[in-house]
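Student: What would the 3D arrangement of this be:
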Amino acid sequence: MQKKISMIIVLLILMTSNLLSSSDVYISATVNDQIITNYDIKKEKTYLIILNPNLSKLNEKKVTKIATKSLINELIKKIELEKYFNFEKKNPYLDKVFIDFYKRLNLKDEKEFKELLSNKKTYSLKEIKNKLKIEVFWNELIFKRYKNQVKIDENILNKKVDDKNNLTLNEYLLSEIFFKRNKDESLDIKISKIRSSIDEIGFNNTANIFSISESANFGGKIGWVAETNLSKLIAVELKKIVAGQYTNTIQVGNNFLILKIEQIRSKKQNVDKKAQLEEMRVFESNRQLRLFSNIYFNKVKINYSINEK
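Tutor: Below is the predicted model:
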């Protein structure tokens, strides 16, 4: 009964606004007693196209599916986080995350970002910050839960720094598809589906559909990565391909990874050992925490009732 009442209230708010009439709005999905409307999905689609413009090349049905999945995952995180955090409380990291976010979109300041949102008729600036707050709190939760399980081998890091001093090494601009095997599907079939999708709609759009990484909304783009920050296995796989190509499937724990090289640049290394070691510690720590994030999300997701109309 309470679930029905909460749904009715949300719908009434939408229908009595100037944005929608009763014939325009309907429930597209639910997570427990929380609803996702077609209007939410419409805004999310526009937002995701801002993050990954290649999505605009896909048909409406595929973009709708991607946006619905994105909102369901976000809502699960928010409901879970409300058990541990007060969303009304100011988070000290949010401002920096917000600046990094719009710079990732090649925008110079908040004003330019606000103009972009206004022109695209998607979320307001406040709504974007609320979405980012979910990710900030989620990362904080993962760090608190798993920080003691992060293992850094200082000997390996020191050797990497010593080996690369005064050498010319590659840096890669990478995109990723990080995925898991479904219980009812063989790995070969899953890989075949992903490869077929890459051939049909491109790597970045395929990342939006199949990747379970937080980079998925950006079309799998993870930015520039120094060769020395990569595991030996991944470095070897990248050496086999050139810019514009993607790797064979790489197993990472219980999950799987496909990487695409967008660009390659060579850089002469004159190493500040202390600074380089710290950079590598942060990179490796974040890599492990991303894995823990996926593990934890999949663990809590099974406790939620998800219904797509």
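Student: longest helix in the protein, by residue count?
Tutor: When the chain is parsed with DSSP state H, its longest helix is helix 273-301.
Student: quick one: contacts of the helix or strand that that one is followed by?
Tutor: Next in sequence after helix 273-301, counting helices and strands by DSSP states H and E, comes strand 306-308. Here strand 306-308 makes contact (Cβ atoms under 8 Å, 6 or more residues apart in numbering) with 28-31, 68, 72, 76. For the C-beta atoms, the positions are set from N, CA and C on the backbone; glycine is no exception.
Student: Surely residue 178 and residue 257 touch.
Tutor: Yes - between residue 178 and residue 257 there is a contact under Cβ atoms under 8 Å: 5.3 Å.
Student: out of the two, which sits in the busier spot?
Tutor: Taking neighbours as other Cβ atoms under 10 Å, residue 178 and residue 257 compare with residue 178 leading, 24 against 20.
Student: So what touches the helix or strand the more buried one falls within?
Tutor: In this structure, residue 178 sits in strand 168-179 according to DSSP H and E. The contact list for strand 168-179 (Cβ under 8 Å, 6+ apart) reads 190, 194, 203-204, 206-207, 210-213, 215, 219-228, 230, 238, 252, 255-269, 294.
Student: Ok, stretch 80-87 next?
Tutor: Where contact means Cβ under 8 Å, 6+ apart, the residues beyond stretch 80-87 that reach it are 130, 133-134, 137-138, 140-141, 300.
Student: Return the member of those residues nearest to residue 64.
Tutor: Nearest to residue 64, judged by Cβ to Cβ, of the contacts of stretch 80-87 is residue 134 at 21.3 Å.
Student: Doesn't the closest one belong to a strand?
Tutor: No - using DSSP: H, G, I helix; E, B strand; the rest coil, the secondary structure at residue 134 is helix, not a strand.
Student: Could you list the low-pLDDT ranges of the chain?
Tutor: 1-23, 164-167, 269-271 (pLDDT under 70).
Student: Now do the strands in it.
Tutor: In the chain, the segments counted as strands under DSSP state E are 27-31, 34-37, 168-179, 221-226, 250-252, 255-268, 306-308.
Student: Check which helices and strands the first one is in contact with.
Tutor: With contacts taken as 3 or more Cβ pairs under 8 Å, 6 or more residues apart in numbering; DSSP states H and E, strand 27-31 sits against helix 2-15, strand 34-37, helix 38-51, helix 60-81, strand 306-308.
Student: Adding mean neighbour count and distance to residue 122 as columns, could you present those in TSV?
Tutor: Listed next are these as TSV, based on neighbours: other Cβ atoms under 10 Å; distance: least, Cβ to Cβ, whole Å:
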stretch	mean neighbour count	distance to residue 122
helix 2-15	13	16
strand 34-37	20	15
helix 38-51	19	4
helix 60-81	18	11
strand 306-308	13	22
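Student: so which of those comes closest to residue 115?
Tutor: Residue 115 lies closest to helix 38-51 among the helices and strands packed on strand 27-31, at 12.2 Å (Cβ to Cβ).
Student: hmm, back to that, between the strands of the chain, which one is closest to residue 151.
Tutor: Nearest to residue 151, of all the strands of the chain, is strand 250-252, at 14.9 Å by Cβ to Cβ.
Student: Can you point out the buried residues in that closest one?
Tutor: Neighbour counts over strand 250-252 (16 or more other Cβ atoms under 10 Å) mark 250, 252 as buried.
Student: Give the pairing partners of that strand; include direction for each.
Tutor: Here strand 250-252 is paired, per DSSP bridges, with strand 255-268 (antiparallel).
Student: tell me the domain ranges of this structure?
Tutor: As recorded under automatic domain parsing, the domains making up the chain are 1-83, 87-149, 163-301.
Student: Also compute the angle for the longest helix of the chain relative to strand 221-226, please.
Tutor: 150 degrees (axes from the mean of the first three to the mean of the last three Cα atoms, to 10 degrees).
Student: Counting neighbours, which bits of helix 273-301 end up buried?
Tutor: The neighbour-count check on helix 273-301 (16+ other Cβ under 10 Å) flags 276-277, 279-280, 283-284, 288-294, 296-297 as buried.
Student: Quick check: which helices or strands does that helix pack against?
Tutor: helix 60-81, helix 125-146, helix 154-164.
Student: Show the end-to-end separation of stretch 297-309, please.
Tutor: 23 Å (Cα to Cα, to the nearest Å).
Student: residues touching the closest residue to residue 292 other than its chain neighbours, list them.
Tutor: Nearest residue to residue 292 in three dimensions, chain neighbours excluded: residue 146, at 4.1 Å (Cβ to Cβ, 6 or more residues apart in numbering). For residue 146, the contact set (Cβ under 8 Å, 6+ apart) comprises 288-289, 292, 296.
Student: All set now, cheers.
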